[in-house]
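Enquirer: what would the 3D arrangement of this be:
(chains A and B)
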There are 2 protein chains.
Amino acid sequence: MSAPRTPLSPTPRSTPKRLKERARSDRAELDAVLDAGLVCHLGVLFDGAPVVLPTVYGRDGDTLYLHGSTGAGNLRAALRGPVSVAVTLVDGVVYARSAMNFSMNYRSAVVHGRPVEVTDPARRLDALRVIIEHSAPGAWDRVRRPDKKELAATIVLALDLTEASVKVRSGDPGDDAADIATGGIWAGVLPLRQIWDAPITSADLEPGIPVPQDVSERPEPGRLPVRR
Amino acid sequence: MSAPRTPLSPTPRSTPKRLKERARSDRAELDAVLDAGLVCHLGVLFDGAPVVLPTVYGRDGDTLYLHGSTGAGNLRAALRGPVSVAVTLVDGVVYARSAMNFSMNYRSAVVHGRPVEVTDPARRLDALRVIIEHSAPGAWDRVRRPDKKELAATIVLALDLTEASVKVRSGDPGDDAADIATGGIWAGVLPLRQIWDAPITSADLEPGIPVPQDVSERPEPGRLPVRR
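Expert: Numbering: from 1, shown residues only, chains lettered A, B, ... in the order given. Okay, here's the model as predicted:
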């Protein structure tokens, strides 16, 4: 987290064309959305067509890390061409007075770029730590680390965060003045939130292993997690 | 919902290459994931690069509907080339005994194809109804319908659901036998769920309008909604 920060440098591709008031060219906001998300949607080119797939990720400073099996076609495709990665948190449904003003409250980050494969063994292991810790903060120090065979079957990609955009919508519906004046129709927001249910211990776990505190007391998802 | 159903017809692009046991070539399962999601991630080609953006959608029978402003670059791009649409529901974090067996429990649908623009006025209005009702079931009959000007500024796309895949992961971690034998590390699932918080009435709403029942008693998201 000590790496120098580059400001968001919007290009035509990463500058939202519509609803510019929802775009926030602020690096801290980008980090907050990426850190609050659990999965991203990775778009790659496959035979000239876009293919979008959900996958886990992690962020360290100015780098987004992705990983997968060496046999996974989408990661091989990600190395051959440009990619787009979106992380979206839906915060509520916006009920308007008119159909066309319905919307979502959300936080959305989209990163564009060309990922590179991480091959240096130490950086590779650290990238895997970053990804696992993003999915399960506090778990890395407890679990068995990747062995030689697992590492050989894993591809790790690094994507620079320099070309990215953030969009945030929050608050009340934006109804037309005429509809507000007409009145008679409820308008507002139905907030949406993610929660953890109680942990479910694996059926094959031996007795006597308590649920770790980082699991049982994991902070609510979708908020800014505490990062080391 | 009375249109004939086509079975999922996996092509090389829509057949998951890895972890085939997670793929379910079942049309009902595809519908269930699409109906339970709130937003999709639409991947389009933009200057030869994939661009992934979150957007709302709706399903009617064998058709996925998308809409947006006529000025939105991603919808114009969607009409020029193939697209990929992903809907993902994350159901939990899978804590394993080893780093590389960490995973997510999830339901994921990915649709590929070439969308067509919906131009017939009646079908267009019905598609907008389907999209609004997906975001806010029960709201369409209450709110002001799109007027001529709004319709002229809106593009509606229809994407056939014939080329699609569904992946579902649920249940315990899949740890290696050796790690299970070694023991000593907690393994299990931390389930994740979406909930609605209490509705927030818009600050500009006149007094005396109660929160509609379809808002105050909206069923928990992420489950299969009741469709009319």
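Enquirer: which stretches in chain A count as strands?
Expert: A:39-46, A:49-60, A:63-69, A:83-95, A:103-113, A:116-117, A:154-160, A:164-169, A:188-196, A:200-201 (DSSP state E).
Enquirer: any idea how far the third one is from the chain center?
Expert: Averaging C-alpha positions (CA atoms, centre = their mean, to the nearest Å) puts strand A:63-69 12 Å from its chain's average.
Enquirer: repeat that for the longest one.
Expert: Using CA atoms, centre = their mean, the mean C-alpha position of strand A:83-95 is found 9 Å from that of the whole chain.
Enquirer: now stretch A:93-109
Expert: On CA atoms, centre = their mean, the centre of stretch A:93-109 falls 21 Å from that of its chain.
Enquirer: state the mean pLDDT of it.
Expert: Averaging pLDDT along stretch A:93-109 gives 97.
Enquirer: same check, this time on stretch A:209-224
Expert: Mean predicted lDDT for stretch A:209-224 stands at 90.
Enquirer: which other residues reach that stretch?
Expert: Residues outside stretch A:209-224 that contact it (CB atoms under 8 Å, 6 or more residues apart in numbering or on different chains) are A:32, A:35-38, A:89, A:91, A:136-139, A:142, A:193-196, A:199, A:201, A:225-226, B:95, B:183-186, B:188, B:190, B:192. Quick note: C-beta positions are derived from backbone N, CA and C, even for glycine.
Enquirer: chain B versus residue A:61, what's the distance?
Expert: As defined by CB to the nearest CB, to the nearest Å, residue A:61 lies at a distance of 21 Å from chain B.
Enquirer: quick revisit: any chance of JSON lines for the strands of chain A, columns mean neighbour count and distance to residue B:49?
Expert: As requested, the strands of chain A are arranged in JSON lines below (neighbours: other CB atoms under 10 Å in any protein chain shown; distance: least, CB to CB, whole Å):
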{"stretch": "strand A:39-46", "mean neighbour count": "26", "distance to residue B:49": "8"}
{"stretch": "strand A:49-60", "mean neighbour count": "23", "distance to residue B:49": "9"}
{"stretch": "strand A:63-69", "mean neighbour count": "22", "distance to residue B:49": "16"}
{"stretch": "strand A:83-95", "mean neighbour count": "25", "distance to residue B:49": "7"}
{"stretch": "strand A:103-113", "mean neighbour count": "23", "distance to residue B:49": "7"}
{"stretch": "strand A:116-117", "mean neighbour count": "13", "distance to residue B:49": "16"}
{"stretch": "strand A:154-160", "mean neighbour count": "20", "distance to residue B:49": "13"}
{"stretch": "strand A:164-169", "mean neighbour count": "22", "distance to residue B:49": "14"}
{"stretch": "strand A:188-196", "mean neighbour count": "19", "distance to residue B:49": "31"}
{"stretch": "strand A:200-201", "mean neighbour count": "17", "distance to residue B:49": "41"}
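Enquirer: just name whatever secondary elements the lowest-mean-pLDDT helix or strand in chain A is in contact with.
Expert: Every helix and strand of chain A was ranked by mean pLDDT, DSSP states H and E. The lowest is helix A:73-80, at a mean of 87. If you count contacts as 3 or more CB pairs under 8 Å, 6 or more residues apart in numbering or on different chains; DSSP states H and E, helix A:73-80 packs onto strand A:39-46, strand A:49-60, strand A:63-69, strand A:154-160.
Enquirer: in that helix, what's buried?
Expert: A:73, A:74, A:75, A:76, A:77, A:78 (16 or more other CB atoms under 10 Å in any protein chain shown).
Enquirer: greatest separation within those residues: which pair is it?
Expert: The distance between the two most remote of the buried residues of helix A:73-80 (CB to CB) is 9.6 Å, for A:73 and A:78.
Enquirer: coming back round to it: tell me which of the strands of chain A sits nearest to residue B:152.
Expert: strand A:103-113 (19.5 Å).
Enquirer: list the strands paired with the closest one, with their directions.
Expert: strand A:83-95 (antiparallel), strand A:164-169 (antiparallel) (DSSP bridges).
Enquirer: next, the angle strand A:63-69 makes with the shortest one.
Expert: What that stands for is strand A:164-169. 100 degrees (axes from the mean of the first three to the mean of the last three CA atoms, to 10 degrees).
Enquirer: report the angle between the top helix by length along chain A and strand A:39-46.
Expert: The longest helix of chain A (DSSP state H) is helix A:121-135. Put simply, helix A:121-135 runs at 130 degrees to strand A:39-46, going by the same axes, to 10 degrees.
Enquirer: rounded mean pLDDT for helix A:121-135, please.
Expert: So the average pLDDT for helix A:121-135 ends up being 98.
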